[in-house]
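**Student:** any chance you could fold what I've pasted below:
(2 chains)
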Number of protein chains: 2
Amino acid sequence: MRRLLTTLALALLTTGLWAQQALFNASNLTSPELNTDGTVTFRLLAPKAVTVEVEGDFGHRAAMKEGKDGVWTYTTPKLEPEMYSYKFRVNGMEMLDPSNAYRCRDIASFANIFIVSAKQGDKGWLYSVNKVGHGNVSKVWYPSPTLKATRRMTVYTPAGYDRGGRYPVLYLLHGAGGDEDAWTTLGRAAQILDNLIAEGKAKPMIVVMPNGNANCDAAPGEWDKGMYKPSFMGHNASKPVASTEESFKDIVSYVDKNFRTIANKKSRAICGLSMGGGHSFGISKLYPDLFNYIGLFSAAVSLNVRGFDGLGDRDQKIAPVVEQQLKTLFQKKPALYWIAIGKDDFLYQQNKTYREYLDQQGYPYEYVESDGGHIWRNWRIYLTQFSQRLFK
Amino acid sequence: MRRLLTTLALALLTTGLWAQQALFNASNLTSPELNTDGTVTFRLLAPKAVTVEVEGDFGHRAAMKEGKDGVWTYTTPKLEPEMYSYKFRVNGMEMLDPSNAYRCRDIASFANIFIVSAKQGDKGWLYSVNKVGHGNVSKVWYPSPTLKATRRMTVYTPAGYDRGGRYPVLYLLHGAGGDEDAWTTLGRAAQILDNLIAEGKAKPMIVVMPNGNANCDAAPGEWDKGMYKPSFMGHNASKPVASTEESFKDIVSYVDKNFRTIANKKSRAICGLSMGGGHSFGISKLYPDLFNYIGLFSAAVSLNVRGFDGLGDRDQKIAPVVEQQLKTLFQKKPALYWIAIGKDDFLYQQNKTYREYLDQQGYPYEYVESDGGHIWRNWRIYLTQFSQRLFK
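**Tutor:** Next comes the predicted model:
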């Protein structure tokens, strides 16, 4: 077969790019190169460029230097274990690294990614595909009678699911601008769960990642609105007939019917980031008998029914219906009500107001405060921490 | 919730790109714009560029023109219904269209995509997500005792599968450089099957798209070798302990055990493109009792056991074991042996040699000759044609 491939390769080399597919179009450079000392080198062939920079979430924007061969390079300081994102800027214009086939979409824009890991168990290792059992990841269409639509969710079933048994379920919700793909791409949810389960740190569980935009059936390009430009507001032209919170029972009901779940409150958890944290807040109090574990990650919590009127306002007036729902929820004693946020998050003050309300009412919760702002780095950490607390 | 989103959006606008995620980083331009007259306009903001070109599989490479606002534009002639790929070239350097969030990977390189459709039933419509029932698409890990590995395949289950019943199975194989993602991205297999099934033109079927590189467990980045550069040869450092053909029974056995299949020859089909066409040729003759429908798309057919020794050679000597396997296969009368290739395909002569052998032996087959070369446009057409012939 190797000989067959070599012959195929030679035959294709003699033909044009678009005539016979883009087989040999990739750059021959290695970029990024993860050096043994923990630094990372970026390379870009750009012989006609005047300036080339690299910018990413490893902390800074840096000028690259041109070598005699027209290859621009830059080497970072030593980086901590983490999944990083970056882009190049050539003559001021953003572009991705053509040598790096790994990239994630965040709403309408892309960035290259790479992972630094030093040893088993560190963050880079947790976000990598390792030699452990892997769960399956499915894109599943389900009926939502409440939204009068057939909608899509991503479902992770843990390694060993095909051998039988029943499993608890974590409902894992994305933020505004995201969709049912966000947690398995930027969030590395499948890798985090695979690795934590393999290490015995998390229980084997099903993870359900629905589309949280009530005005979308699925991720951009994946439903019948065509290849529209992804936006922060879901699909601008569509108006939902109900809210994500109101329609959530359709999801739980489909999952309990079509997957081998343990269909009771003890074996159900819900958490989400930003808007999805707001959804977790709203759904858990709307259905106080459904979830035993509730996680709010950098959550957009709204104590006033109408929305964000009280953003950051310490005197935010809580609506009577919200007050009653929270009272009922906490009377039913969920096993864990978990709140996490970064010190620099723009929702920090709003979460503080909410925590003060919980304190005042004597409702028990756990609180984790991290560095950083409203970023995926934090949400991956929160998922890692929260998922280890479930179903034990 | 709209008010909540607006507030979130305003709050995020005031923060930096990498500090609070890349929410507002996308271009405001519309590109590509599909005009009502069937032409397509590309736009790129590149005020400092000297030359900007667009090239794609719509037939040509074209210079774009700069407007006063620094936006370069180009409008194509009227395009036929099809899925198209393209890239920009800025000062000679390739880059993707930052306004277009839709792109496909082909081995290690990416191109933007768009779809032109004029009416229901045309090629563009067949490749689009329409308002029809959708099948689920799952990434499934299965054990391969033959390859001593846990490997991954993509499985399409048709709309309605969750309501019960048993289904026939099409095994759909990728080419060299591809993986278990190729047919659902470049190949639009889920859309083609959704649409043909909805129109009553294809039977509801399960479609299994395994990874055909015996030296890889899964697509690049999706198994434990890290984020290596995808290559034409699978994973260069790994040597398989058996061939794709020899290990294929592991796949059929897993699928029959874990999905509601009709587990007999009448309800099984196999087809593939290029190397996957070679695999379909090899697997069907190795297991003459497994498949009733066999499709070779631009196939790398090897009549000589050692590989491609006789590429394009009319006097290619057929190995005795291959001759015997083909004899057994055709004695068992498969319902359809289907060969398709483009006039300009570099494997044309080789396929001709094979057809002449089949003619000489009196083995029945059907032959479709199309325009064009070794390209996805043809393979999508072949899947559309072949899948309508199955299980009837």
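
**Student:** near chain B, which residues of the stretch 151-300 of chain A? Just list them.
**Tutor:** A:152, A:159, A:162, A:176-177, A:214, A:220-224, A:226-227, A:229-230, A:232-233, A:243-244, A:258, A:274-275, A:278, A:300 (C-beta under 8 Å from any C-beta of the partner chain). Every residue, glycine included, has its C-beta placed from N, CA and C.

**Student:** can you point out the buried residues in stretch A:329-338?
**Tutor:** Within stretch A:329-338, the residues that count as buried by 16 or more other C-beta atoms under 10 Å in any protein chain shown are A:329-330, A:334, A:336-338.

**Student:** pLDDT-wise, which helix or strand of chain A ranks last?
**Tutor:** Least confident element among the helices and strands of chain A, by mean pLDDT, DSSP states H and E: helix A:2-13 (a mean of 55).

**Student:** what's the distance between the residue nearest to A:Tyr293 when sequence neighbours are not counted and chain B?
**Tutor:** Distances taken as C-beta to C-beta, 6 or more residues apart in numbering or on different chains put A:Ala269 closest to A:Tyr293, at 3.5 Å, once the chain neighbours are dropped. In this view, A:Ala269 and chain B are 23 Å apart by C-beta to the nearest C-beta, to the nearest Å.

**Student:** show me what contacts the closest residue in space to A:Lys203 that isn't next to it in sequence?
**Tutor:** In space, and not counting its chain neighbours, A:Lys203 is closest to A:Phe391: 4.5 Å by C-beta to C-beta, 6+ apart. Residues near A:Phe391 by C-beta atoms under 8 Å, 6 or more residues apart in numbering or on different chains: A:168, A:203, A:205, A:266-267, A:269, A:293.

**Student:** run the last query once more with 7 Å
**Tutor:** A:168, A:203, A:205, A:267 (C-beta atoms under 7 Å, 6 or more residues apart in numbering or on different chains).

**Student:** in those residues, which residue is surrounded by the most others?
**Tutor:** In terms of neighbours by other C-beta atoms under 10 Å in any protein chain shown, those top out with A:Met205 at 26 neighbours.

**Student:** so it sits right up against A:Pro158, yeah?
**Tutor:** Yes. With contact defined as C-beta atoms under 7 Å, A:Met205 counts as touching A:Pro158 (6.3 Å).

**Student:** any shared contact partners between the two?
**Tutor:** The contact sets of A:Met205 and A:Pro158 overlap at A:Tyr167 (C-beta under 7 Å, 6+ apart).

**Student:** poorly predicted segments of the stretch 1-150 of chain A, please.
**Tutor:** In the prediction, the stretch 1-150 of chain A carries residues with pLDDT under 70 at positions A:1-27.

**Student:** now do 50
**Tutor:** Residue ranges of the stretch 1-150 of chain A with pLDDT under 50: A:1, A:13-25.

**Student:** and the helices in it?
**Tutor:** Using DSSP state H, counting those that start in this stretch, the helices assigned to the stretch 1-150 of chain A run over residues A:2-13, A:123-126.

**Student:** which other helices and strands does the last one contact?
**Tutor:** Of the remaining helices and strands, those touching helix A:123-126 by 3 or more C-beta pairs under 7 Å, 6 or more residues apart in numbering or on different chains; DSSP states H and E are strand A:82-90, helix A:189-198.

**Student:** reformat the ones you listed as CSV; add distance to A:Gln360.
**Tutor:** Shown next, in CSV, are the helices and strands packed on helix A:123-126 (distance: least, C-beta to C-beta, whole Å):
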stretch, distance to A:Gln360
strand A:82-90, 37
helix A:189-198, 34
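
**Student:** now the ones you listed as a markdown table including mean neighbour count?
**Tutor:** Compiled in a markdown table, the helices and strands packed on helix A:123-126 are given as follows (neighbours: other C-beta atoms under 10 Å in any protein chain shown):
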| stretch | mean neighbour count |
| --- | --- |
| strand A:82-90 | 22 |
| helix A:189-198 | 23 |
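
**Student:** and the ones you listed: which comes nearest B:Arg103?
**Tutor:** Closest of these to B:Arg103 is strand A:82-90, at 14.8 Å (criterion: C-beta to C-beta).

**Student:** that closest one - contacts with which helices or strands?
**Tutor:** In this structure, strand A:82-90 makes packing contacts with strand A:52-56, strand A:93-95, strand A:109-116, helix A:123-126, judged by 3+ C-beta pairs under 7 Å, 6+ apart.

**Student:** and the residue nearest to A:Tyr293, helix, strand or coil?
**Tutor:** Secondary structure for A:Ala269, judged by DSSP: H, G, I helix; E, B strand; the rest coil, is strand.

**Student:** that one contacts A:Ser284, doesn't it?
**Tutor:** No. Look at A:Ala269 against A:Ser284 with C-beta under 7 Å: they stay out of range, at 9.8 Å.

**Student:** isn't A:Val241 up against A:Leu147?
**Tutor:** Yes. Taking contacts as C-beta under 7 Å, A:Val241 lies within contact range of A:Leu147: 6.1 Å.

**Student:** just to revisit the earlier point, who are the contact partners of the residue nearest to A:Tyr293?
**Tutor:** Contacts of A:Ala269 (C-beta under 7 Å, 6+ apart): A:170-171, A:291-293, A:390.

**Student:** what's the closest of the residues you listed to A:Thr73?
**Tutor:** Taking C-beta to C-beta as the measure, A:Leu170 is the one of the contacts of A:Ala269 closest to A:Thr73, at 42.6 Å.

**Student:** direction included, what does the host helix or strand of that closest one pair against?
**Tutor:** If you go by DSSP states H and E, A:Leu170 is part of strand A:169-173. Take DSSP bridges as the rule and strand A:169-173 pairs in its sheet with strand A:206-210 (parallel), strand A:268-273 (parallel).
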